[in-house]
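Visitor: no sequence for this one, just the structure:
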């Protein structure tokens, strides 16, 4: 009896939502995953066991094309050829996702900010993308991407987001080289955003921030600690800097007379030189540290090993010893929240203080200056806000006109 063929319709394929396997006849099935992803499979028996050959996802393989592939597979079976074995022989020269990912990272190496950034890309596409590295790049489907992301999406949202974006770029490169076609299965807008919760609804685990109202009291606790790491952390808070910008700061970057810190573009996330206006409290920290040496190339916050900066975990360890459940980076959020909720400083000034790129290319072209003096007023106001109430009262009682040495 002849097999019944062509049971499905293109409209029906689009409308199907319930997870399951739907027959089109002739061993061709549409599989609808619990995630909503859909793919074509060809089911048959070989050597007394059932085998499943993937034919691709519905985003890249139409119903008509799936029927053509199934017809070819049936012809192979009639000739005594195992379709999967034959396919393996044909696709041996097709690049795997891992091949394309490694080539992409090597080709894009000049684009990365530094060696650390390059290493992060390699690690992400090796460790977290391991389940798909050996898969032919044209066979990576939406279900594969969802399976990779789901375990990370709630626990490590930043990592998951970066992984998704990097896979998307690799698959775009594969398409540009002719290794695959159709929609990118790692695309977020209009695709994965229908299958995964939006990130703003998730916890940003490693950027926990201290409420800005608690910062002044915390600064007082820092000043009660004699360690260099405490001074480093206070300076980082007062300047709203990133950890790496502080750790690798050298004396030649500072003009204490002008109260300006110029961070070279090589150490900036946006790869643009950033001038930081220093409040008197930040300048005082630097003046007190001159006793450690002021060679132009010397690190301002030196480590125990000569010629090396303070350990990259020094500030985080200070927070742990103080049993404060926040991160160093989170103080940038504290600063930004304080700006937006308690001051009248324009958003552009606050964003510039954080070295964020604001506006589109045209808008930035017209805003040629870096608003240094406007930012100076902001950073002085922030430092004054952070000043512990006890210190303010002590200075007022003594009738001092200048802030005393923070180590006194």
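Guide: Ah, there it is. What you are looking at is a predicted structure, and each value in this text was computed from that prediction instead of being measured.
Visitor: The residue lying closest to residue 294 once chain neighbours are set aside - how many residues pack around it?
Guide: Leaving aside its chain neighbours, residue 294 sits nearest to residue 251 (4.9 Å; criterion: Cβ to Cβ, 6 or more residues apart in numbering). No exception for glycine: its C-beta is placed from N, CA and C like everyone else's. If you count neighbours by other Cβ atoms under 10 Å, residue 251 ends up with 18.
Visitor: again with residue 351
Guide: For residue 351, the count of nearby residues is 15 (other Cβ under 10 Å).
Visitor: In three-state terms, label it for me.
Guide: Of the three states, residue 351 takes helix according to DSSP: H, G, I helix; E, B strand; the rest coil.
Visitor: cool, residue 324 as well?
Guide: The three-state label given to residue 324 by three-state DSSP is coil.
Visitor: who's in contact with stretch 11-24?
Guide: 5-8, 29-34, 36, 38, 41, 58, 63, 66-67, 70 (Cβ atoms under 8 Å, 6 or more residues apart in numbering).
Visitor: which of the residues you listed are buried?
Guide: 8, 29-33, 38, 41, 58, 63, 66-67, 70 (16 or more other Cβ atoms under 10 Å).
Visitor: Can you give me the distance of residue 191 to residue 248?
Guide: Per Cβ to Cβ, to the nearest Å, residue 191 is found 39 Å from residue 248.
Visitor: what residues are up against the residue nearest to residue 294?
Guide: Contacts of residue 251 (Cβ under 8 Å, 6+ apart): 294, 295, 296, 297, 298, 300.
Visitor: how about those residues in TSV, adding distance to residue 283, secondary structure and pLDDT?
Guide: Listed next are those as TSV, based on distance: Cβ to Cβ, whole Å; DSSP: H, G, I helix; E, B strand; the rest coil; pLDDT from 0 to 100:
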residue	distance to residue 283	secondary structure	pLDDT
294	14	coil	92
295	19	coil	94
296	18	coil	94
297	21	coil	94
298	18	coil	95
300	12	coil	96
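Visitor: Could you chop this protein up by domain?
Guide: 10-93, 97-203, 208-398 (automatic domain parsing).
Visitor: Distance check, residue 103 against residue 230.
Guide: 46 Å.
Visitor: Mind pulling up the pLDDT for residue 158?
Guide: On the pLDDT scale, residue 158 is placed at 76.
Visitor: so when I look at it, I'm seeing a helix, right?
Guide: Yes. Using three-state DSSP, the assignment for residue 158 is a helix.
Visitor: Near it, how many other residues are there?
Guide: Counted with other Cβ under 10 Å, the neighbours of residue 158 add up to 14.
Visitor: State the next helix or strand along the chain beyond the helix-or-strand element of the chain with minimal mean pLDDT.
Guide: Scoring the helices and strands of the chain by mean pLDDT, DSSP states H and E places helix 361-366 at the bottom, with a mean of 39. Once helix 361-366 ends, the next helix or strand along the chain (criterion: DSSP states H and E) is helix 372-386.
Visitor: tell me the secondary structure for the spatially most central residue of the chain?
Guide: Residue closest to the average C-alpha location in the chain (Cα atoms, centre = their mean): residue 162, at 4.3 Å. Here residue 162 is recorded as helix under three-state DSSP.
Visitor: Could you do residue 50 as well?
Guide: Going by three-state DSSP: residue 50 is strand.
Visitor: Now for the closest residue to it other than its chain neighbours, which secondary structure element holds it?
Guide: Spatial nearest neighbour of residue 50, excluding adjacent residues (Cβ to Cβ, 6+ apart): residue 43 at 6.4 Å. Per DSSP H and E: residue 43 is located in strand 38-46.
Visitor: need the contact list for residue 123.
Guide: Not one residue lies near residue 123 by Cβ under 8 Å, 6+ apart.
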